[in-house]
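Colleague: Take a look and give me a structure for this.
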Amino acid sequence: ARLVKASGFYTIKSFDDFRFDEVTLPESVTPSYLKDLCFMDSSTNLIMYGNVGTGKTHLSAALGMEACNRGIPVKFFRTSALVNRLAEAKRSGELSLFMEKLSKAELLIFDEWGYVPLERVGASYCLNWCQSAMRESYHTNTEFSRWVNIFYDEQMTCAISDNHNLPT
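Modeller: Sure thing, here's the model as predicted:
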C-alpha cells in the first residue's frame, strides 16, 4: 500500500480486466512476459504506441501495480506534469532533492507522452533523467518522427531516441 501511494498512480488498474486480445504486441512480447515483469529483468524499455482509448494507460498502470505488489518502487507521471515539476524544482533550488527522490524508483512510467508540447527547461531535465534511468515505460499516440514537437528541437529528440534505441 505504501508503494502504491508513493507511485503517483491517478488510476488503479490491474490485469484482471485488461484484454490482451485487443492489442497488438511485438512477436517477442507475450502477456506473460509483461505480467511477470520480465522486461525489468533484462532492463528493457517499453513504448506503448496507439490511438486514444487503446489501453496504454491501463496496461501501464497494471504493470506498475504488479511491480508495487512485488515490492518494486514505481513512479507514474503524466509527462507534462513531470516536466513542469522538474522546471519548478529547478526554479526553487530543489532540483537535486527532487531528482534524488525520482532515482529511488525502479520502474518509471510516463503517461500521455506527446499529447502536449513540453516546457523547454523542464523537457531538458526530463531528458537528462531519462538518459540516466534504468527502466522506463512510455506510452504515446505520437509517431516517433513527430517527437521533435515534444522536445522542441531535433538534438534533444535524437538524444532520447538514440539513448533508448528508438527509430527516429
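Colleague: which regions of this protein sit below the pLDDT cut-off?
Modeller: Under the criterion pLDDT under 70, the flagged ranges of the chain are 114-168.
Colleague: any chance you could map the strands in it?
Modeller: 46-49, 74-78, 107-113, 136-140 (DSSP state E).
Colleague: got the contact list for stretch 26-41?
Modeller: Contacts of stretch 26-41 from elsewhere in the structure, counted by Cβ atoms under 8 Å, 6 or more residues apart in numbering, are 15, 20, 25, 45-46, 59, 63, 66-67, 70, 72, 106-107, 135. Glycine gets a C-beta too; all of them are placed from N, C-alpha and C.
Colleague: Give me the number of neighbouring residues for Ile109.
Modeller: Counted by other Cβ atoms under 10 Å, the residues lying close to Ile109 total 28.
Colleague: I'd assumed Leu63 was in contact with it.
Modeller: Yes. Judged on Cβ atoms under 8 Å, Ile109 makes contact with Leu63 at a distance of 7.3 Å.
Colleague: Burial check on Gly64, number of neighbours?
Modeller: Using other Cβ under 10 Å, Gly64 is surrounded by 27 other residues.
Colleague: Hmm, Phe9 and it touching each other?
Modeller: Yes. Because the distance of 6.4 Å satisfies Cβ under 8 Å, Gly64 is recorded as touching Phe9.
Colleague: Restrict stretch 78-93 to CA atoms and write it as PDB.
Modeller: C-alpha atoms of stretch 78-93 as PDB (Å, rounded to 0.1, in the frame of the first residue of the first chain):
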ATOM      1  CA  ARG A  78       1.800  12.400 -16.800                       C
ATOM      2  CA  THR A  79       4.700  13.600 -18.800                       C
ATOM      3  CA  SER A  80       3.700  17.200 -18.900                       C
ATOM      4  CA  ALA A  81       3.200  17.300 -15.100                       C
ATOM      5  CA  LEU A  82       6.700  15.800 -14.500                       C
ATOM      6  CA  VAL A  83       8.300  18.300 -16.900                       C
ATOM      7  CA  ASN A  84       6.500  21.200 -15.100                       C
ATOM      8  CA  ARG A  85       7.600  19.800 -11.700                       C
ATOM      9  CA  LEU A  86      11.200  19.500 -12.800                       C
ATOM     10  CA  ALA A  87      11.200  23.100 -14.100                       C
ATOM     11  CA  GLU A  88       9.600  24.300 -10.800                       C
ATOM     12  CA  ALA A  89      12.200  22.300  -8.700                       C
ATOM     13  CA  LYS A  90      15.000  24.000 -10.700                       C
ATOM     14  CA  ARG A  91      13.500  27.400 -10.100                       C
ATOM     15  CA  SER A  92      13.000  26.800  -6.400                       C
ATOM     16  CA  GLY A  93      16.500  25.300  -5.900                       C
END
